[in-house]
Each structure stands twice: as structure tokens, then as C-alpha cells.
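Participant: Pasting the sequence and the predicted coordinates here, then a few questions.
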Amino acid sequence: MHSGPSSIVLSQTGGPLYQQIMDQIKQKIAVEELKAGDEIPSIRQLAVDLRVSVITVKRAYLELEREGLIVTQQGKGSFVATGIAVGPHPYEQKLSGHLEEAARLGTTIGMSDREIVSRLRKALDEVDETRPVRPKSSKESQ
């Protein structure tokens with residue numbers, strides 16, 4: 001991985017470790033930190049770097065392969081699959097759903113639009129510093 005395996009951060013409270021590994025690799029592919037054809041660490045190497053079992057990393061890689069996001073070539077390693085159009089769209093769809101639900105909940109309990117926006121800003125301020133910094137898109141800078 002370009003930014004190294006240390007850029008994967010596991011949390012004891014962040015859900016199953018294999019899922020955290022999967023989610024972070026998916027996120028790196030979505031923001032093109034990992035591009036089609038890029039090699040990712042071997043299962044054994046990532047397990048050592050993250051201090052988790054080989055079984056944990058293997059499960060994450062098998063799931064990522066099943067989803068068509070990575071390919072493993074015996075004796076050569078694991079790579080980001082080519083011909084996939086991941087981009088940020090799966091996350092955008094998920095985000096839209098969460099934002100709609102937040103808006104619905106806020107209005108249900110009588111919050112004003114301003115209060116809902118204020119809560120979102122507060123939540124953004126509380127987000128962990130591990131959040132990746134993405135260059136602003138042309139849409140955001142207008």
C-alpha cells in the first residue's frame with residue numbers, strides 16, 4: 001500500500017477486526033489512494049504489521065476478493081482488481097441514507113433546520129483525526 005500498512009488503524013471498539021481491515025482497504029480504493037493493479041501487503045505481512053492473526057487478515061482478503069475488489073495470484077501476491085468502478089459512490093449512497101435519516105429524526109423531535117446543521121457541524125468537529133484528507137472536488141470549491 002502506498003501509505004503503508006500503518007495507515008490501517010484498528011480499534012478494539014470498532015467492530016470485528018477483519019471488517020475494519022476490509023472497510024479501510026475499500027475506503028483507500030474509493031478515494032484512489034489504492035488504484036487498480038496496486039499491490040497490497042501479503043496476508044502474513046499485514047497480520048504482523050497490525051499484530052492480528054493471519055486468519056483475521058485472510059478473512060478480510062477473502063471477502064474483498066469475493067466482492068471483486070482485490071485479486072490474489074498464487075506466489076505473486078494480492079492486488080487491487082482492475083476494471084472495477086468503485087469510486088466514492090458506494091459511500092455517497094450510504095452517506096445520503098444516513099443524512100436523510102438524521103434529517104428525519106431531527107424533524108421528528110422538533111429540531112429546526114439550523115439545529116440539525118449545527119449538530120452535523122459538531123459531529124464533524126468530533127470526528128477522529130484519522131479521517132483521510134481528500135482534495136476538494138470542483139463541486140466543493142464553487
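Facilitator: Noted; the coordinates are in hand.
Participant: contacts, neighbours, all on C-alpha from now
Facilitator: Fine.
Participant: where do the helices sit along the chain?
Facilitator: Remark: helices assigned in the chain by DSSP state H are 17-30, 43-50, 54-66, 89-108, 113-126.
Participant: Just want the most central residue of the protein.
Facilitator: Centroid-nearest residue in the chain: Gln27, 2.8 Å away (criterion: Cα atoms, centre = their mean).
Participant: which one of the helices of the chain has the lowest average pLDDT?
Facilitator: Least confidently modelled of the helices of the chain is helix 89-108, at a mean of 83 by mean pLDDT.
Participant: and it, which residues are buried?
Facilitator: By neighbour count with 16 or more other Cα atoms under 10 Å, helix 89-108 contains the buried residues Ala103, Gly106.
Participant: And the helices of the chain: which comes nearest Gly75?
Facilitator: Of all the helices of the chain, helix 43-50 sits nearest to Gly75, with 12.1 Å by Cα to Cα.
Participant: Flag every buried residue along the closest one.
Facilitator: For helix 43-50, burial by neighbour count (16+ other Cα under 10 Å) applies to Ile43, Leu46, Ala47, Leu50.
Participant: Mind putting the helices of the chain into a markdown table with distance to Lys76?
Facilitator: Converted to a markdown table, these look like this (distance: least, Cα to Cα, whole Å):
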| stretch | distance to Lys76 |
| --- | --- |
| helix 17-30 | 19 |
| helix 43-50 | 12 |
| helix 54-66 | 15 |
| helix 89-108 | 29 |
| helix 113-126 | 41 |
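Participant: So for Gly83, which of the ones you listed sits nearest?
Facilitator: helix 17-30 (12.4 Å).
Participant: tell me what the closest one is packed against?
Facilitator: In terms of contacts (3 or more Cα pairs under 8 Å, 6 or more residues apart in numbering; DSSP states H and E), helix 17-30 is packed against helix 54-66.
Participant: tell me the domain boundaries of the chain?
Facilitator: 5-80, 89-126 (automatic domain parsing).
Participant: Out of those domains, which one sits most buried?
Facilitator: When those are scored by mean count of other Cα atoms under 10 Å, the highest mean neighbour count falls to domain 5-80 (a mean of 16).
Participant: Residue most distant from the centroid, the protein?
Facilitator: Largest centroid distance in the chain under Cα atoms, centre = their mean is Gly110 at 32.9 Å.
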